[in-house]
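**Student:** Give me a model of this one.
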Amino acid sequence: MISSREICLLNALFKFIKGTNCFNFLKRRLPKDTIRLLNRLLNLRCKIVIQRERLRFYRNCIENKHYPISFYKSLRRNKSKSSLSNLQHLAELEIDEINDKLSKFIETHQRLNPVLDNLSLVCRIKFTVFCNDMVKKTISSTEEKLTKSLKDSNHTLEFPQDIHKHIINLSTCTLSQLQLEALSYGMKYKTIPMKINKMEVQSQYENLYDQISDLTPSNKDNLDWFKVKLVDISHQFLNARIHQKNGLSKEHHAALKELIQKDNLVILKPDKGEGVVIMNKSDYQNKMNDILKDQSKFLLDNATDNVLLVEKQINRQLQILLMHGFINEKLYKQLKPIGSHTPQLYGLPKIHKTGNPLRPILDMSNSPYHKIAKWITEVLTPVRDSLSNHSVKSSFDLTEMLDTLNIKEKVMCSIDIESLFTNVPLHETVDFICDYITSNGINLPIPVTYIKDIILMCTENIRFTFQEKAYKQIDGVAMGSPLGPLLADIFMSKLEKQMQGMLGGFMLYKRYVDDTLIIGNNSESIENFITLFNHIHPNIRVTSELESNNKLGFLDITMTRRNDGTIQRSIFRKQTWTGQYLHFTSFVPIQYKRSLVKCLFSRARKICTSDTLMDELRHVHSVLLANGYPESFITCHSKEKPHLEKTASVPKKAIFINLPFKGDQIMQLTTQRLRSAIKRTFYAASLFLTCRTFSIPVPTIKGRNSVDSTSNCIYKFTCSCGDTYIGRTNRMFQCRRKEHIPKWLVNHIENPNAINLNRNPASSIAKHLLMSGHKININDCFTIISHNSNSRLLKVMEALWINHIQPKLCVQKSIDFNLRLPWTA
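**Tutor:** Residues are numbered from 1 along each chain as shown. Prediction:
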């Protein structure tokens, strides 16, 4: 029996005896035969760990359905199909071979191991430490080598095994295998662009030069060279062939095109989670119409489209703010609505609920209210922050609070407010905001009276369309308004102020918009609170969920009570979670994929406690493998990296260019060329290149705008004689067309013998038609050739189109905008 003193001595010896120069040390003390046996023993130990690593590796390959590239090559050499069954068979053969080798190595090792008994204590410790070091290095190098063997193996065309987990077909239409495969990657999947718009690319280069033109160039010659170089780089970009592969073949695109042409179907994303939902169009319309039949919230509006009138009302309000100095000219132009569209309603299916009801969503992104609503939301942020005593901004904030709690004798519960956004009492909440600002002396850039007018203008009686019918929302905050979350949050804060006394009795009460976590002394006190909450306001109805088996899910955290009362944390995933993320074959910049890997692993480290972290990291790893990410890519970008402080440098002007994504190699080369040209000519500029990606083609569930209601566009007029005109407009096209061809001109063309009114129209189109008497079809003579919501880029694109087409009727436009770069016609 070894005494405690001897154990301490052994520990001390292991701590201070190093394995360095082991065999030189042993050779001076041991015979050659013993050294030879020790060398064999060391080699055997390394061989055993190599085979064990290989065994673990191939078992993981089978589990994750992710195999070495050598397997694919072997199958190709033997003219066999690279199917999962064949790949698995190869892995199983490797496993059988490894098991045979392992049994032989272990048997030999057991036979040689007694040689250690003949060594002195110091020699044995020296050899053991050296062996451990060598084994660790062998494991590390073997793992790295095996990981590298998986590199790029995912580029073979592989689709999710359980396609129906990602695609929910509620329609009566049966999809082909190609259509299922094409949709299995999800609605966020990006594909290679079929065609690049030359004018959009050239306008970006013009805009790049315009951003940089206020800087001082290194010299005049370099400036001229820089202009030519930008044109050259744009041509190289446009002519570069895309070599990067994508997960969808031509056959998949053809199958998708066939599906799109079926006008009796709608393709949607689910309300929660990722995936694709296919419905009969008639079922979709019936469910949406059932929602709109609720006359307590919606009313049919048969009046004519009033979007231009709304624009005028908002512009008048902005002019008042400008006149009183509450906003400046620059902000006025940014907020001024022009070319707006009436909001459109659509629905997303709640696949986790019986009958798959739809959640109505109002698209207000291009409505006249959107920009001013976003601005007033920012203005009111200080009010929201001062009321957010019980709010959390994210689950990361909550984890820090949970670390300090002991809930041994407590009860956890989550509560949810049903349909909070549509049930916020608008006038009551707005009055509360105004009173709170006044009574607390909160300093805001605009007076309370204007704040009230703007909020009500942006949220009350909003007119929208569905299936070419117009409706008004008459109750609650407008769906889709940027003000929605803010007003809902402030309304909840108002109710919480009324119940402040009761909230103080809880260990923890924290809310994220309409989800609330409560940790109380017992379930009875929580039930009493919920009863009070359900009676405090007629618009509010609360549902609750008590902990089960010491567990509760809230936001994306699963909280589990430990025996000692501390809280174990892991990632909470809802039933709607499908495990689908951006697929590795999606045609997007590589930095998007790096960011996804880093984000998922970072979230796990921030949310999970030490006893659940490793399981979560393994789970994230397997999910990413299932989404096509190579083992080596995950390993590289999942590591926790130290935060590096930015070194101070001379500030440079940031300039931006947005180009269609043509693959990582082409984008990297284009960035290098641009930065090199900029560095040579303008020392004080720093380039940022962003990419525009292209989604899989699916039919839109929102109505398409007619030509007349199109705004922010370039249009082309073609006369019956062949003469053309290129123009632009930020307004609705119907307004611009009436200016080109007014009613009096139409009457004159139809009846040229009528009285000559001796008019001198400003439009060159009107002048041409008046002088020539050419007859035209007003509905066919105009075509929309480009769109851009950026006014500056729209002006550049107009000049590029004029330079390209050389329209005869645009002579007077040569002075409107001069191109800065030497483009050829």
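**Student:** and residue 299, that's in a helix?
**Tutor:** No: according to DSSP: H, G, I helix; E, B strand; the rest coil, residue 299 belongs to no helix; its state is strand.
**Student:** Next, the closest residue to it other than its chain neighbours: secondary structure please.
**Tutor:** The spatial neighbour of residue 299 that comes closest, neighbours along the chain excluded (Cβ to Cβ, 6 or more residues apart in numbering), is residue 472 at 5.0 Å. For every residue, glycine as well, the C-beta is placed using N, CA and C. On the three-state scheme (three-state DSSP), residue 472 is labelled strand.
**Student:** and residue 472, what are its bridge partners?
**Tutor:** residue 299, residue 463 (DSSP bridges).
**Student:** how many neighbours does it have?
**Tutor:** Under the neighbour criterion other Cβ atoms under 10 Å, residue 472 is assigned a count of 15.
**Student:** repeat for residue 289
**Tutor:** With other Cβ under 10 Å as criterion, residue 289 counts 12.
**Student:** did I read that right, it in a helix?
**Tutor:** Yes: the assignment for residue 289 (three-state DSSP) places it in a helix.
**Student:** State the distance from it to residue 481.
**Tutor:** Taking Cβ to Cβ, to the nearest Å as the measure, residue 289 falls 23 Å from residue 481.
**Student:** Before we move on, what's the pLDDT of the residue nearest to residue 299?
**Tutor:** Residue 472 carries a pLDDT value of 88.
**Student:** now do the one 4 residues further on
**Tutor:** As predicted, residue 476 sits at a pLDDT of 73.
**Student:** Am I right that it falls within a helix?
**Tutor:** No: with three-state DSSP as the criterion, residue 476 is assigned coil and is not in a helix.
**Student:** my read: it touches residue 297, true?
**Tutor:** Yes: contact criterion Cβ atoms under 8 Å: residue 476 and residue 297 qualify, at 6.9 Å.
**Student:** Looking at these two, which one has more neighbours?
**Tutor:** Shown here are residue 476 and residue 297; by other Cβ under 10 Å, residue 476 has more neighbours (22 against 19).
**Student:** Please name the residues that touch the more buried one.
**Tutor:** 297, 421, 422, 423, 424, 426 (Cβ atoms under 8 Å, 6 or more residues apart in numbering).
**Student:** which one of these is nearest residue 118?
**Tutor:** If you rank the contacts of residue 476 by distance to residue 118 using Cβ to Cβ, residue 421 comes first, at 80.2 Å.
**Student:** Need the nearest residue in space to the closest one, chain neighbours excluded.
**Tutor:** What sits nearest to residue 421 in space, not counting adjacent residues and going by Cβ to Cβ, 6+ apart, is residue 484, at 5.0 Å.
**Student:** Report the contact partners of the one you found.
**Tutor:** Here residue 484 is in contact with 421, 424, 459, 477, 478 (criterion: Cβ under 8 Å, 6+ apart).
**Student:** in which helix or strand would I find it?
**Tutor:** Assigned by DSSP states H and E, residue 484 falls within helix 483-498.
**Student:** Also residue 279?
**Tutor:** Going by DSSP H and E, residue 279 is part of strand 276-280.
**Student:** and that strand, how far out from the chain's middle?
**Tutor:** In this view, strand 276-280 has its centroid 22 Å away from the chain centroid, taken as Cα atoms, centre = their mean, to the nearest Å.
**Student:** and residue 510, backbone torsions?
**Tutor:** With angles defined as degrees, to the nearest 10, residue 510 sits at phi -140, psi 140.
**Student:** distance of the closest residue to residue 718 other than its chain neighbours from residue 540?
**Tutor:** Here the nearest residue to residue 718 in space, its sequence neighbours aside, is residue 724; by Cβ to Cβ, 6+ apart that works out to 5.3 Å. Taking Cβ to Cβ as the measure, residue 724 falls 61 Å from residue 540.
**Student:** can you pull the contacts of the residue nearest to residue 594 when sequence neighbours are not counted?
**Tutor:** Leaving aside its chain neighbours, residue 594 sits nearest to residue 637 (5.1 Å; criterion: Cβ to Cβ, 6+ apart). The contact partners of residue 637, by Cβ under 8 Å, 6+ apart, come to 594, 597, 598, 601.
**Student:** How about residue 274?
**Tutor:** If you count contacts by Cβ under 8 Å, 6+ apart, residue 274 has them with 166, 186, 187, 188, 578, 580, 581.
**Student:** in the chain, which ranges drop under the pLDDT threshold?
**Tutor:** 1-23, 151-158, 643-649, 752-758, 812-817, 825 (pLDDT under 70).
**Student:** Break it down into its domains, please.
**Tutor:** 4-150, 306-571, 590-637, 713-815 (automatic domain parsing).
**Student:** Give me the distance between the two termini of the third one.
**Tutor:** From the first residue to the last, domain 590-637 extends over 12 Å; the measure is Cα to Cα, to the nearest Å.
**Student:** quick one on the thing from earlier: please enumerate the shared neighbours of residue 476 and residue 297.
**Tutor:** By the contact definition Cβ under 8 Å, 6+ apart, residue 476 and residue 297 are jointly contacted by residue 422.
**Student:** Can I get the domains of the chain in JSON lines including distance to residue 241?
**Tutor:** Formatted as JSON lines, those follow (distance: least, Cβ to Cβ, whole Å):
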{"stretch": "domain 4-150", "distance to residue 241": "25"}
{"stretch": "domain 306-571", "distance to residue 241": "35"}
{"stretch": "domain 590-637", "distance to residue 241": "19"}
{"stretch": "domain 713-815", "distance to residue 241": "23"}
